[in-house]
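pasting the sequence and the predicted coordinates here, then a few questions.
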Amino acid sequence: MKSKFIEDRFRLKSMDWINVKAFTLFEEAQKLSMPTARLIPKKFENIYTETELEYFVSVLEQLKLANENDKPKKQTKTALKYLDRTIQTMRVLMRVLGIEIFFDQIFQRHKDSYSVECVVMLMNRCLKLYAAVDQLSTIFKLIEIQEQSKSSNTAKSQKIEERLMCAIKSFLTQHTLFPVNFNFRGEDFLLKFRR
């Protein structure tokens, strides 16, 4: 198991974003003129939307504060109501982002924890994954714009390259599960723009 994880981690370091489901969904969302994060729940059944997650996190946080004296049995029942769909949402989002290798670790860590706190934490992780999808969509859009502006004004092209570099660095800093490079169509974009 551990050697498989190490192999998968190595594969993740050399991952090219053009081969990840997030890029395919980005292209499809572009054709439909909608954000990628809104397309995901339409493509996959039984997952929470970003808005639903935000709502349920706030509801469960309030419930947790209001019912601190409740019996653990009641809180477990409340947590179980949301747990399966939250786990399914996390599984789908990790698959879309190409980091499904981490799902088993997270699932094993929380599989026996049926508390409201655990469900809220998993929902917050799902929200972070949706944020990663949004950031990737922005990066993919900037790459498209950058490729279109290569032949035009160099000042405009340089600004786009700076925005793209900033977006990639921000993405990799905020989401540490991803490799420290950003390969797209066989090129490491961080190295490409440093020159």
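Thanks, I have it.

buried residues, stretch 179-187. List them.
Neighbour-count burial for stretch 179-187, counted by 16 or more other Cβ atoms under 10 Å, picks out Pro179, Phe182, Asn183, Phe184. No exception for glycine: its C-beta is placed from N, CA and C like everyone else's.

show me the contacts for the first one.
The contact partners of Pro179, by Cβ atoms under 8 Å, 6 or more residues apart in numbering, come to Leu12, Lys13, Ser14, Met15, Leu172.

same check on the third one?
Applying Cβ under 8 Å, 6+ apart to Asn183 gives the contacts Ser14, Met15, Asp16, Trp17, Phe189.

repeat for the second one
Contacts for Phe182 (Cβ under 8 Å, 6+ apart) come out as Trp17, Ile139, Ile168, Phe171, Leu172, Asp188, Phe189, Leu190.

change it to 10 Å
When contacts are counted by Cβ atoms under 10 Å, 6 or more residues apart in numbering, Phe182 touches 15-17, 136, 139, 143, 164-165, 167-169, 171-172, 188-192.

can you tell me which helix in the chain is longest?
With secondary structure taken from DSSP state H, the chain has its longest helix at helix 116-148.

check which element follows it along the chain.
Following helix 116-148 in sequence order, the next helix or strand is helix 154-174 (DSSP states H and E).

give me the mean pLDDT for stretch 12-22.
Per-region confidence: stretch 12-22 scores 86 on mean pLDDT.

buried residues in it?
Leu12, Met15, Trp17, Val20, Ala22.

please apply the same query to stretch 161-172.
Buried residues in stretch 161-172, defined by neighbour count with 16+ other Cβ under 10 Å: Glu161, Leu164, Met165, Ala167, Ile168, Phe171, Leu172.

turn the residues you listed into CSV, columns for pLDDT and distance to Ile40.
As requested, the buried residues of stretch 161-172 are exported to CSV (pLDDT from 0 to 100; distance: Cβ to Cβ, whole Å):
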residue, pLDDT, distance to Ile40
Glu161, 88, 29
Leu164, 92, 23
Met165, 92, 27
Ala167, 94, 20
Ile168, 93, 21
Phe171, 93, 17
Leu172, 90, 21
